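J.: Predicted model, plus sequence, below.
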2 protein chains.
Amino acid sequence: MLNFTHCVPTRFVFGRGVENEVGKYLKEVGATKALIHFGGGSAVRSGLIGRVERSLDEAGIAYVELGGAQPNPRDTLVYKGIELARAEKVDFILAVGGGSVIDSSKAIAHGTCYDGDFWDFFCGKAKPVTTLPFGAVLTMSAAGSESSNSCVITQESTKTKRGLRSELNRCRLAFMDPELPMTLPPYQIACGATDILAHMMERYFTSTDGVDLIDRMAEGAMTAVIAAARTAVKKPDDYDAQAQLMWASTVAHNDTVGVGRVQDWGSHQIEHELSALYDVAHGAGLAVVFPAWMRYHMDKDVMRFAQFAVRVYNCEMDFQHPEVTALRGIEAHEQFLRDIGMPLTLKELGARTEDIPALAAKTKKTNPDGTTGGTFHMTPQDIEAILRIADR
Amino acid sequence: MLNFTHCVPTRFVFGRGVENEVGKYLKEVGATKALIHFGGGSAVRSGLIGRVERSLDEAGIAYVELGGAQPNPRDTLVYKGIELARAEKVDFILAVGGGSVIDSSKAIAHGTCYDGDFWDFFCGKAKPVTTLPFGAVLTMSAAGSESSNSCVITQESTKTKRGLRSELNRCRLAFMDPELPMTLPPYQIACGATDILAHMMERYFTSTDGVDLIDRMAEGAMTAVIAAARTAVKKPDDYDAQAQLMWASTVAHNDTVGVGRVQDWGSHQIEHELSALYDVAHGAGLAVVFPAWMRYHMDKDVMRFAQFAVRVYNCEMDFQHPEVTALRGIEAHEQFLRDIGMPLTLKELGARTEDIPALAAKTKKTNPDGTTGGTFHMTPQDIEAILRIADR
């Protein structure tokens, strides 16, 4: 196990109807005027924004609204949000939505307190040192942004998607009502579950010894997510399935199953290029990239992939041929993704074979030697090979 | 899954040598003068207190010392600590030790800010509304007090052991070096592991549906703790085993495996009476009480006890006779406790048969109807029957 520090100061308020308590909790943290940030009109039409605003009214907290956040949130709207937050002198940013809205809100919160261009934080030119407090009313179980230290924004002019890791990215408050995602299309529920699993898997496929505790917690959590996802895409109104997915989105991405170990994140880097170029759902992109990544790397750590197969997908261990077990685990994962309606190939995503070299070349190099990924260091040639596996 | 709120704002600093960074982190949270609270002379003789003080010196933080905290920490020392903290105008309480020292420190921190008698918080006469900030350098993996919302103190004059649950009980900082418990006798390591498991089991044996995610994370964590405990009692210098136990002590008691569900805590209430009367180690008392509690209650929820047997102790499921499987799980747990050197009977603890009625009568009633326990509500007669199972 590696040395680590860990702190998740977010207050989680979880359960039926918690969006009606937003005002009370914002008041407790000293908010007086909030910027309510959301995506499309559905949050308004469903009455959710109305319930949140009623709760703020009751607590005597003023607010302004900014809608329009899109999947793969854009820098252009972040600039608008910063301008509005400054003009209206808000002291709290409240996201009402999923990961994209929350990430957009984080960027607005940081940018409001920064004299320069907020994109500096995303292209590595500067680090945020302070931020407005912010929180989220979560409407979708997926990105885990309600509790993670990460934030991903797309620069619209260059179609560049870049992430920022910072402890300032932790929400002060997270309101999590498992009834809210019940109205989502099954495809979006499935994309969310795929994202949740991917967050656990990026941490799970590690080269660190002595992490049995974290491994086993991750394996238990993945097993539960797979079962809950199968239920929720068929019966979106199953409260317990939605509750498992919603809490799992948080557990998956706040390092509950990630402390003390090397993490990979190569699949996420590759996927960022897919969703930036084709504007596909992040979860759908991960469903295509991750199994190809697994197939490409499994020979380098067969026993870990076999462990995944046995403990998560209940495959029988082939002690003579662990690589057979490892492969069965990948196939079981692909079958699961297929069962919940996810794409498995670049074609299904609408991606083009001829774009592969450019996608591979553009993928962010996360290591000093110009490679990508924490566990398996990949050159652009490796990434190209992975994308070709997905191009079937 | 039940509605819940959850917030663990503790900053965990985990790994080899982190006690040398105490000063840096205390400075970050604004401390200027600390009360260093510890137990016996071993913390001084081992050089640990010296290392901590050097770190405070380097950061320019003043300090005073208060040693002498005992297992089952006493109100008498808490009163001394409050007096010292006030006289010396300290602004941070730093525990260096295990759960007893940390609990004693929490009580000192709360009491320093309270005009009345701090015992008011433990006998239910008052609730703490503010506290001095406090933290811990953990020397023993057991109670989870470094991250829990709980604190247990014994009133020396009446031999009454009482707990306080409050969000004010969360440490600001927890320094966790898995090398520190390596010098403990194997018996103490085993007591700690038993306590860790008991914290998970009090949460696990629940009457709540729809908690598959939390169940599976708990089962994974328990499996890992059992393996790590077997290693650590034989090879106390096994870093990875000590690291699993140390992080598990935190995971077990900060509700990572407890959110959204009814929890029981009946075994803890019974054990409190044992350790208050006979001054036995809390873990040893739990090793005696918990299996007896399991045997007494298993018929009321056979399938949950069978699930525990199958998923944690790898017992084969007897689909015709799940009660056989349930019993095998309890036997496997007893065998594990025996293997790591724990007592299983009241006699081994030094407890007397003739004390059983008084122990049962004195056990804290946690429910409005005068019963004890969240999942299985026990009358004093039930508790007496459980103690008689342990009196073999």
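T.: Done, it's in.
J.: interface residues of the stretch 51-200 of chain A facing chain B?
T.: A:Pro178 (Cβ under 8 Å from any Cβ of the partner chain). C-betas here are computed from N, CA, C, even on glycine.
J.: In contact with the closest residue to chain B within the stretch 51-200 of chain A, which residues?
T.: Using Cβ to the nearest Cβ, A:Pro178 is the residue of the stretch 51-200 of chain A that sits closest to chain B, at 7.7 Å. A:Pro178 makes contacts with A:14-16, A:141, A:239, A:242-243, A:245-246, B:1, as judged by Cβ atoms under 8 Å, 6 or more residues apart in numbering or on different chains.
J.: Am I right that it is in a strand?
T.: No - using DSSP: H, G, I helix; E, B strand; the rest coil, the secondary structure at A:Pro178 is coil, not a strand.
J.: so how far is B:Asp195 from the residue in the stretch 251-392 of chain A positioned nearest to chain B?
T.: Residue nearest to chain B within the stretch 251-392 of chain A: A:Thr256 (6.2 Å; Cβ to the nearest Cβ). Applying Cβ to Cβ, to the nearest Å, the value for A:Thr256 to B:Asp195 is 21 Å.
J.: Could you pull out the strands in chain A for me?
T.: Listed in chain order, the strands of chain A (DSSP state E) span A:4-14, A:33-38, A:62-66, A:92-97, A:134-138, A:150-155, A:160-165, A:173-176.
J.: among these, where is the model least confident on average?
T.: Lowest mean pLDDT within the strands of chain A: strand A:160-165, a mean of 90.
J.: Between strand A:150-155 and that one, find me the angle.
T.: Going by axes from the mean of the first three to the mean of the last three Cα atoms, to 10 degrees, strand A:160-165 is angled at 160 degrees with respect to strand A:150-155.
J.: any weak-confidence spans in the stretch 51-200 of chain A?
T.: Within the stretch 51-200 of chain A, no stretch has pLDDT under 70.
J.: can we see that at 90?
T.: The stretch 51-200 of chain A contains residues with pLDDT under 90 at A:71-72, A:159-163.
J.: cool, and the stretch 201-350 of chain A?
T.: A:275-276, A:279.
J.: Might you report the residue contacts of the residue of the stretch 251-392 of chain A closest to chain B?
T.: Neighbours of A:Thr256 in contact, by Cβ under 8 Å, 6+ apart: A:217, A:250, B:256.
J.: any idea how far A:Ala174 is from the closest residue to the second one other than its chain neighbours?
T.: Using Cβ to Cβ, 6 or more residues apart in numbering or on different chains and skipping residues adjacent in sequence, the residue nearest A:Thr250 is A:Ser147, 4.4 Å away. A:Ser147 sits at a distance of 6 Å from A:Ala174 (criterion: Cβ to Cβ).
J.: Find residues that contact each of the two.
T.: A:10, A:12, A:250.
J.: What about the residues you listed, which one has the most neighbours?
T.: Neighbour counts for these, by other Cβ atoms under 10 Å in any protein chain shown, peak at A:Thr250, which reaches 26 neighbours.
J.: Please list all residues in contact with that one.
T.: A:12, A:144, A:146-147, A:174, A:176, A:256.
J.: do A:Arg170 as well
T.: Per Cβ under 8 Å, 6+ apart, neighbours of A:Arg170: A:7-10, A:147-149.
J.: Then A:Ala62?
T.: A:32-34, A:56.
J.: So which of these is surrounded by the most neighbours?
T.: Neighbour max across these (other Cβ under 10 Å) = A:Ala34, 28 neighbours.
J.: Tell me what that one is bridged to.
T.: Beta-bridge partners for A:Ala34, by DSSP bridges, are A:Tyr63, A:Phe92.
J.: picking that back up, would you mind confirming that the residue nearest to A:Thr250 is in contact with A:Asp255?
T.: No - A:Ser147 is beyond contact range of A:Asp255, at 9.3 Å (criterion: Cβ atoms under 8 Å).
J.: Between these two, which has more neighbouring residues?
T.: A:Ser147 (25 against 21).
J.: Can you tell me how far the more buried one is from A:His199?
T.: Distance from A:Ser147 to A:His199, by Cβ to Cβ: 11 Å.
J.: Now do the shared contacts for those two.
T.: Contacts common to A:Ser147 and A:His199, judged by Cβ under 8 Å, 6+ apart, are A:His253.
J.: Okay, buried residues for the longest helix along chain A please.
T.: Criterion DSSP state H: the longest helix present in chain A is helix A:212-234. Neighbour-count burial for helix A:212-234 flags A:212-226, A:228-233 (criterion: 16 or more other Cβ atoms under 10 Å in any protein chain shown).
J.: residue contacts, A:Leu346?
T.: So A:Leu346 contacts A:274, A:288, A:352-353, A:356, A:387, A:390-391 (Cβ under 8 Å, 6+ apart).
J.: distance of the residue nearest the centre of chain A from A:Ala360?
T.: Nearest to the mean C-alpha position of chain A, counting by Cα atoms, centre = their mean, stands A:Ala143 at 2.4 Å. Counting by Cβ to Cβ, the gap from A:Ala143 to A:Ala360 is 25 Å.
J.: A:Gln70 now?
T.: 26 Å.
J.: higher neighbour count, the two?
T.: A:Ala360 (22 against 16).
J.: pLDDT at that one, what is it?
T.: Looking at A:Ala360, the pLDDT reads 98.
J.: That one contacts A:Ala390, correct?
T.: No - checked against Cβ under 8 Å, the pair A:Ala360 and A:Ala390 is beyond contact range at 11.6 Å.
J.: Could you list the domains of chain A?
T.: As given by automatic domain parsing, the domain ranges for chain A are A:11-180, A:185-390.
J.: want to try CSV for those domains, with distance to B:Gly39 as columns?
T.: Below are the domains of chain A laid out as CSV (distance: least, Cβ to Cβ, whole Å):
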stretch, distance to B:Gly39
domain A:11-180, 33
domain A:185-390, 27
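J.: Kind regards, and thank you for your time.
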